[in-house]
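1. Take this sequence and fold it.
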Amino acid sequence: MKRTLITSLCFALAMAVTVLSQIGPAQAAKKSEFKVCWSIYVGWMPWGYLQDSGIMKKWADKYGIKVDIVQINDYVESINQYTAGAYDGCSMTNMDGLSIPAGGGIDTTALIVGDYSNGNDGIVLKDKKTLADIKGQKVNLVELSVSHYLLARALDSVGLSEKDVTVVNTSDADMVAAYATPDVTSVVTWNPLLSQIAGEVNSTQVFDSAAIPGEIIDIMMVNTQTLADNPDFGKALVGAWYELMGIMSSDTPEGIAARTAMAKASGTDLAGYDAQLATTKMFYKPAESVEFVTSAGLPKTMKFVAEFLFSKGILGEGAPNAGFVGVSFPSGEIYGDKSNVKLRFDTTYMQMAANGKL
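-> Numbers count the residues shown, from 1 in each chain. Okay, the predicted model is just below:
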């Protein structure tokens, strides 16, 4: 399951209210046991390995806490459960973080900015060679997903808009089979589906996420109040993450073993996983994450994202404009409503890791 937006935010919020009434909020002051969740995607496979390898336990023990890392097979469901308070943190994209928890009123912090898609998402045309040839075509994609966002950004780059094409909502599970039919001539999808479809006869990949670097971002989001009340939770997660980043980025036996385990868990082999990593800009060092989050480009990216979400009517119930939900950045800059800041990019803990202070 890739990073896809929920198709009905109202449903998610209704579920959130129901679950919250049963289990209470995740941000209930100081505590010693925490849960975070994740789903299958190249940049999030390290979370499963952190749990299985004992690295997470080592860092949790250091701070006298317990952290369980739980895999959830349905990506949207994982975000819904985080939003409802069942988990203290969850892996998700910047877009989904803004639309679901933040848009639903859950104050959320981007604790670990792990990577961005740098070619993992793309557009493929059948029997055509340029992006401009997409005009007038039916475009198969997972609606209201990062694929939908990628299409919008691609169309804009050649002076087109969504009214120039017809979007056909297609499950990721059906994408390869759909492309094999004569009627499907244009798709937007992600790896490993992207490379498989692009490799078909008479197929041309005409646009990919490398053309919009830094816009589709993969993050471990955590509940802001939980983090404020329990800084050791943030320290343990960040410390464990960057220890593993150091391991998996190397070609030592330990690094190869780690990536092999992640590959197997994601249904591929080492070569396949390394190929996916090649089109993912991983921030293996905390200083790289800090540099990215403090860059001038991030506020611009979040503005693009907010405008896309608002145009689709999924930026919180009754949102009057794209800036309905405020997004704060380390510089103190805020995009959107300063009185409704619900998504926060904070480098505090990543900077601690960069300074060797964990």
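
2. residues contacting residue 211?
-> Going by C-beta atoms under 8 Å, 6 or more residues apart in numbering, residue 211 touches 153, 154, 157. From N, CA and C alone the C-beta is placed, and that goes for glycine too.

3. Compile those into CSV and extend it with columns for distance to residue 255, neighbour count and pLDDT.
-> As requested, those are exported to CSV (distance: C-beta to C-beta, whole Å; neighbours: other C-beta atoms under 10 Å; pLDDT from 0 to 100):
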residue, distance to residue 255, neighbour count, pLDDT
153, 34, 16, 95
154, 35, 22, 97
157, 37, 13, 97
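
4. For residue 217, state which of the residues you listed is nearest.
-> Taking C-beta to C-beta as the measure, residue 217 lies nearest residue 153 of the contacts of residue 211, at 13.8 Å.

5. Low-confidence regions, the stretch 151-300 of the chain specifically.
-> Judged against pLDDT under 70, the stretch 151-300 of the chain has no low-scoring part.

6. The residue nearest to the spatial centre of the chain and residue 218, how far apart?
-> Geometric centre of the chain, nearest residue: residue 93, 2.1 Å, by C-alpha atoms, centre = their mean. Using C-beta to C-beta, to the nearest Å, one gets 6 Å for the distance from residue 93 to residue 218.

7. Next: residue 304.
-> With C-beta to C-beta as the criterion, residue 304 and residue 218 are 17 Å apart.

8. Neighbour count: these two, which is higher?
-> residue 218 (25 against 18; other C-beta atoms under 10 Å).

9. give me every residue that touches the more buried one.
-> Residue 218 makes contacts with 3, 41, 43, 44, 91, 92, 93, 113, 114, 115, 116, 117, as judged by C-beta under 8 Å, 6+ apart.

10. can you give me the strands in this structure?
-> 33-38, 66-71, 89-93, 108-117, 121-126, 138-141, 166-169, 186-190, 203-208, 217-223, 280-282, 326-328, 334-335, 341-345 (DSSP state E).

11. hey, which of these is tucked in deepest?
-> strand 89-93 (a mean of 30; mean count of other C-beta atoms under 10 Å).
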